[in-house]
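A.B. asks: got a structure for you, letters missing:
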Ligand code: URA
């Protein structure tokens, strides 16, 4: 086959066969299709889309690029995946809480994508923590501790690992077909029987509107179903960053605070909603009230924090970080951010904040870029907050002062203020399951 013909076919809006998709992806993995050809194909897919047969073929070919983990039938495996947001550290709280509640969570995550952060980069900020583990080791750790948090590897969805990194830096993330194959291949290969997707909608998300989000939800749910996985999609609002901390080490610190019982309303609502959907799907809780009791108990008894610590030790990291945040990598400068005007926060351009932080190396612009794990921002105002000129509304952590000052200007410009009071938006926008898409 000829890669140029396959790119041309997709560019012209034709439907590709499973054989063509498989040949292209496998040739890219072998190196006979180049980065520039794959980038061109991804951009053609971005504009022309993929029909459901193509999405399934791509997902299957991602899964078959590596191996699958099989857990014994009596083990209740469940997981959650986010389509990507700003300040989205929910996995770091949810996985240990779910494990403390009796679920087995073999979580395969990704790195930062576009303006959004990635769980793997956050975990990499824990000194010594290993996210590249063999399939056998992931299985052992999950069975022993109830969770493991790892990345794609040569053994597990290598096709997603390579193509994900390329999409990150070629503006080809926001495609329902590509997102579906990327997420579902990881979640099917890891052996999760129940999956909850946090499908983010809004300015900081890859899906800006509910209609686009529903299109993606349908592809995710139907693909999961085709591979025997029960998928629940929760639509959540990403018109504002989640919590207060954005940036890799900063987000792990905020997650640790959560596990110590220091909740913020938005991260609490999202964490509890998603974890309870996992418990309900797996039938470990009979109803929402019971699920919430289990979740809050896991935090208040310290069991969830202990699970996180146990996982850090099992994956070679320094567990001292849980109690001594000075052990995390730190940026050189800590710059205060002052409000420039008075007003109620009307909207926050989270995507712009995400890219402002990529500019100080909290994320990547090129595949080979090194991350500054200590870089990021702590931002307090939420939609509806009243701020006064010269209030200190947050802090920027950066190792490059000049880039940091530019990032502050961009962050300030991301807040649109109103002279009149503004009501905060709902965080949970809906829930979708297979039934919503059955004829
Ligand atoms: N998360 C993933 O793993 N892949 C995507 O494409 C988007 C979010």
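C.D. replies: Perfect, I can see it now. Keep in mind that this is a model prediction, so the values were computed, not measured.
A.B. asks: Quick check: closest non-adjacent residue to the closest residue to the ligand within the stretch 51-200 of the chain.
C.D. replies: With CB to the nearest ligand atom, the shortest gap between the stretch 51-200 of the chain and the ligand falls at residue 182, namely 3.4 Å. C-beta here means a position set from N, CA and C on the backbone, and glycine is covered the same way. Leaving aside its sequence neighbours, residue 182 sits nearest to residue 160 (CB to CB, 6 or more residues apart in numbering; 5.2 Å).
A.B. asks: Give me the residues contacting the helix or strand containing residue 279.
C.D. replies: Here residue 279, judged by DSSP states H and E, is contained in helix 265-281. Applying CB atoms under 8 Å, 6 or more residues apart in numbering, the external contacts of helix 265-281 come out as 78-80, 89-90, 93-94, 97-98, 101, 103, 194, 196, 198, 230, 232, 234, 236, 240, 242-243, 254, 258, 285, 287-288, 291-292, 294-296, 382, 427-428, 431.
A.B. asks: picking that back up, wait, the residue of the stretch 51-200 of the chain closest to the ligand touches residue 63, no?
C.D. replies: No. Contact criterion CB atoms under 8 Å: residue 182 and residue 63 do not qualify, at 11.3 Å.
A.B. asks: Looking at those two, which is more packed in?
C.D. replies: residue 182 (27 against 22; other CB atoms under 10 Å).
A.B. asks: Near the ligand, which residues of the stretch 101-250 of the chain? Just list them.
C.D. replies: Within reach of the ligand by CB under 6 Å from any ligand atom, the stretch 101-250 of the chain has these residues: 110, 113, 173, 178, 179, 182, 183.
A.B. asks: how far away is the residue lying closest to the first one once chain neighbours are set aside from residue 205?
C.D. replies: In this case it means residue 110. Leaving aside its sequence neighbours, residue 110 sits nearest to residue 118 (CB to CB, 6+ apart; 4.9 Å). According to CB to CB, to the nearest Å, residue 118 and residue 205 sit 15 Å apart.
A.B. asks: With neighbour numbers in mind, choose between the two.
C.D. replies: Counted by other CB under 10 Å, residue 118 and residue 205 do not tie: residue 205 has more neighbours, with 28 against 24.
A.B. asks: Looking at the backbone only, give me phi and psi for residue 199.
C.D. replies: Residue 199 adopts backbone torsions of phi -90, psi 110, taken as degrees, to the nearest 10.
A.B. asks: And stretch 423-439, what's buried?
C.D. replies: Within stretch 423-439, the residues scored as buried using 16 or more other CB atoms under 10 Å are 427, 429, 430, 432, 433.
A.B. asks: Check stretch 314-333 too.
C.D. replies: 314, 315, 317, 319, 321, 322, 327, 328, 329, 330, 331, 333.
A.B. asks: So which residues of the protein form strands?
C.D. replies: For the chain, the strands defined by DSSP state E cover 78-82, 105-109, 147-151, 194-201, 230-237, 245-246, 333-338, 343-348, 376-379, 386-387, 392-398, 415-418, 428-432.
A.B. asks: Could you dump the ones you listed into JSON lines and include mean pLDDT?
C.D. replies: Below are the strands of the chain laid out as JSON lines (pLDDT from 0 to 100):
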{"stretch": "strand 78-82", "mean pLDDT": "97"}
{"stretch": "strand 105-109", "mean pLDDT": "96"}
{"stretch": "strand 147-151", "mean pLDDT": "97"}
{"stretch": "strand 194-201", "mean pLDDT": "97"}
{"stretch": "strand 230-237", "mean pLDDT": "97"}
{"stretch": "strand 245-246", "mean pLDDT": "98"}
{"stretch": "strand 333-338", "mean pLDDT": "98"}
{"stretch": "strand 343-348", "mean pLDDT": "97"}
{"stretch": "strand 376-379", "mean pLDDT": "98"}
{"stretch": "strand 386-387", "mean pLDDT": "97"}
{"stretch": "strand 392-398", "mean pLDDT": "98"}
{"stretch": "strand 415-418", "mean pLDDT": "97"}
{"stretch": "strand 428-432", "mean pLDDT": "96"}
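A.B. asks: Give the residue spans of the stretch 1-150 of the chain that score low on pLDDT.
C.D. replies: Scanning the stretch 1-150 of the chain for pLDDT under 70 picks out no residues.
A.B. asks: can you pull the contacts of the residue of the stretch 51-200 of the chain closest to the ligand?
C.D. replies: With CB under 8 Å, 6+ apart, residue 182 has these contacts: 62, 110, 160, 163, 164, 167.
A.B. asks: what about the fifth one, how many residues close to it?
C.D. replies: Think residue 164. Using other CB under 10 Å, residue 164 is surrounded by 21 other residues.
A.B. asks: How about the first one?
C.D. replies: If you count neighbours by other CB under 10 Å, residue 62 ends up with 26.
A.B. asks: likewise the last one?
C.D. replies: One way to gauge burial is a neighbour count; for residue 167, by other CB under 10 Å, it gives 25.
A.B. asks: again, but for the fourth one
C.D. replies: For residue 163, the neighbour count with other CB under 10 Å is 26.
A.B. asks: And it, what's its pLDDT?
C.D. replies: Predicted confidence (pLDDT) for residue 163: 96.
A.B. asks: What of the one 5 residues further on?
C.D. replies: As summarised for this prediction, residue 168 has a pLDDT of 87.
A.B. asks: show me what contacts residue 351?
C.D. replies: 86, 115, 203, 204.
A.B. asks: mind redoing it with 6 Å?
C.D. replies: 115, 203, 204 (CB atoms under 6 Å, 6 or more residues apart in numbering).
A.B. asks: most surrounded residue in those?
C.D. replies: Counting neighbours by other CB under 10 Å, the top entry in those is residue 204, with 29 neighbours.
A.B. asks: Surely that one touches residue 88?
C.D. replies: No. Using CB atoms under 6 Å, residue 204 is not in contact with residue 88, being 8.6 Å away.
A.B. asks: How about stretch 46-55 and the ligand, touching?
C.D. replies: No. Using CB under 6 Å from any ligand atom, stretch 46-55 never reaches the ligand; the gap is at least 11.7 Å.
A.B. asks: just the helices in the stretch 101-250 of the chain please.
C.D. replies: 119-124, 135-145, 158-168, 176-189, 210-226, 248-259 (DSSP state H, counting those that start in this stretch).
A.B. asks: same deal with the stretch 301-439 of the chain?
C.D. replies: Going by DSSP H, counting those that start in this stretch, the stretch 301-439 of the chain shows helices at 303-314, 350-358, 401-414.
A.B. asks: winner for burial among those?
C.D. replies: helix 350-358 (a mean of 24; mean count of other CB atoms under 10 Å).
A.B. asks: Setting aside sequence neighbours, what's the nearest residue to residue 299?
C.D. replies: residue 261 (5.7 Å).
A.B. asks: who's in contact with the residue nearest to residue 182?
C.D. replies: 62, 152, 182, 185.
A.B. asks: Residue 97 too?
C.D. replies: Counted by CB under 6 Å, 6+ apart, residue 97 has contacts 275, 295, 298, 304.
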